[in-house]
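> one predicted model, sequence on top.
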Amino acid sequence: MLQKIVFQNVVASEGMLADQRNLLALRAFAFSLFPLLLGIQHVRLAGRPLTRRTLRPMFYAQCYVTVPFVLAVDLALLFGNARFTWAGPLGMAIIVAGLIWYFRALMRGFMVHRNATRRKAIAQSVLAILMGGICLAVTLVLFVLTATVPLPP
């Protein structure tokens, strides 16, 4: 319910987020945080120095894993804004299914690529999703706040 209200206000507001191109740029930036954080985590766990060259392959690999989750979130938001009685529960079910799929994909990635135990892979996946979620929330709040601030004359 809170997401629906916030997203409707963002679309209806004047300022940075009133333009569809700016909304697309916000989504691209916000959801690129997940692959970036996970790529950094993989490079650090491998014990390699964090450079553009070492980060690029892991970032691209994480982008492939993140896309189905992002599509699930977008589809859920689409249903969340619909006026059908079953749209809200369906949107929540899609988000939960996408999150479970994303969590399992991350966990298996840590187990295969980092030879982590199941317990360690679960902990690393939870940490990665929490970090990405916090960064996503902070990004959305900052963009919403900048959209409602009036420009000086």
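Happy to help now that I have it.
> now the helices for this protein?
For the chain, helices defined by DSSP state H occupy the ranges 2-12, 20-45, 52-80, 87-113, 118-148.
> now the spatially most central residue of the chain: closest residue in space, sequence neighbours ignored.
Nearest residue to the geometric centre of the chain (Cα atoms, centre = their mean): F31, 4.0 Å. Distance criterion Cβ to Cβ, 6 or more residues apart in numbering; nearest residue to F31, sequence neighbours excluded, is V70 at 4.8 Å. From N, CA and C alone the C-beta is placed, and that goes for glycine too.
> likewise L71?
Closest residue in space to L71, ignoring its immediate chain neighbours: G98 at 7.6 Å, by Cβ to Cβ, 6+ apart.
> which stretches of this protein aren't confidently modelled?
The chain contains residues with pLDDT under 70 at 1-19, 147-153.
> apply 50 and report the result again.
Scanning the chain for pLDDT under 50 picks out 1-13.
> what comes up buried for stretch 132-152?
Of the residues in stretch 132-152, G132, L136, T139, L140, F143, V144, A147 count as buried by neighbour count, 16 or more other Cβ atoms under 10 Å.
> what about the residue lying closest to the fifth one once chain neighbours are set aside, neighbour count?
When the adjacent residues along the chain are set aside, F143 lies closest to L26, with 5.4 Å between them (Cβ to Cβ, 6+ apart). Using other Cβ atoms under 10 Å, L26 is surrounded by 19 other residues.
> does L26 touch V141 like I think?
No: with contacts counted by Cβ atoms under 8 Å, L26 stays clear of V141, the gap being 11.7 Å.
> endpoint to endpoint, stretch 71-89 covers what distance?
End-to-end distance for stretch 71-89, by Cα to Cα, to the nearest Å: 17 Å.
> buried set for it?
Of the residues in stretch 71-89, A72, V73, A76, F79, G80, A87, G88 count as buried by neighbour count, 16+ other Cβ under 10 Å.
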